[in-house]
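Asker: Based on what follows, work out the 3D shape:
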Amino acid sequence: MFKRILVPMDGSHGATKALDMAIQLQKGTEAELLLLTVFRHHSLLEHSTSMVRPEDPGSIDEALRGHAKAVADAAKKHAIEQGANAPRAFVKNGPPARTIVKFAKEREADLIVLGSRGLGDREGYLLGSVSHKVTSLAACPVLVV
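Answerer: Numbers count the residues shown, from 1 in each chain. Below you'll find the model as predicted:
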């Protein structure tokens, strides 16, 4: 039925429920399961006002990328434990909804499965939720769990 199922992961309970649904959809098929974690770039102003360790300030983007990689790796491990067939995890930087839709197009995903509520509730309240934006922008079907 589906060839490539994309599941955006942010580490939230909703994203894990969406992943579990995607795993069920994948079972018994040859569909690829693609897991995507997106992190946002932070400006120099945000970097300068952030709380960092004085002995090792590092880069905020490096810290965010590291956290996103940990989320992607945990999602992949969960998927394997739940019986998913060869899930692949990716990390991208950018505005979440647009990055998800662009990645889906580039990878020719024919279904996006995502949670209705993620970790960005404050942003969702101000700008519109990621799930709402993805359903508006995606060229392929979107299943919101």
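Asker: Would you map the helices across this structure?
Answerer: 13-26, 44-49, 60-81, 96-106, 121-127, 130-137 (DSSP state H).
Asker: could the ones you listed go into CSV alongside mean neighbour count?
Answerer: (C-beta placed from N, C-alpha, C; glycine too.) Output for the helices of the chain, formatted as CSV (neighbours: other C-beta atoms under 10 Å):
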stretch, mean neighbour count
helix 13-26, 20
helix 44-49, 10
helix 60-81, 16
helix 96-106, 19
helix 121-127, 11
helix 130-137, 18
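Asker: out of these, nearest to Leu143?
Answerer: Set against Leu143 and scored by C-beta to C-beta, those come closest in helix 13-26, at 6.9 Å.
Asker: elements contacting that closest one?
Answerer: Packed against helix 13-26 by the contact rule (3 or more C-beta pairs under 8 Å, 6 or more residues apart in numbering; DSSP states H and E) you find strand 4-8, strand 32-39, helix 60-81, strand 111-114, strand 142-144.
Asker: redo that, cut-off 7 Å
Answerer: Counting contacts by 3 or more C-beta pairs under 7 Å, 6 or more residues apart in numbering; DSSP states H and E, helix 13-26 is packed against strand 4-8, helix 60-81, strand 111-114.
Asker: Name the residues that touch stretch 132-145?
Answerer: With C-beta atoms under 7 Å, 6 or more residues apart in numbering as the test, stretch 132-145 has contacts from 17-18, 21, 97-98, 100-101, 104-105, 109-116, 131.
Asker: redo that, cut-off 6 Å
Answerer: Stretch 132-145 is touched from outside by 17-18, 21, 97, 100-101, 109-113, 115-116, 131, with contacts defined as C-beta atoms under 6 Å, 6 or more residues apart in numbering.
Asker: Any idea how far apart the tips of that stretch sit?
Answerer: Stretch 132-145 has an end-to-end distance of 12 Å (criterion: C-alpha to C-alpha, to the nearest Å).
Asker: and that stretch, what's its mean pLDDT?
Answerer: Across stretch 132-145, pLDDT averages out at 95.
Asker: repeat for stretch 16-23
Answerer: Mean predicted confidence for stretch 16-23 is 98.
Asker: Over to stretch 91-98?
Answerer: Stretch 91-98 comes out at a mean pLDDT of 95.
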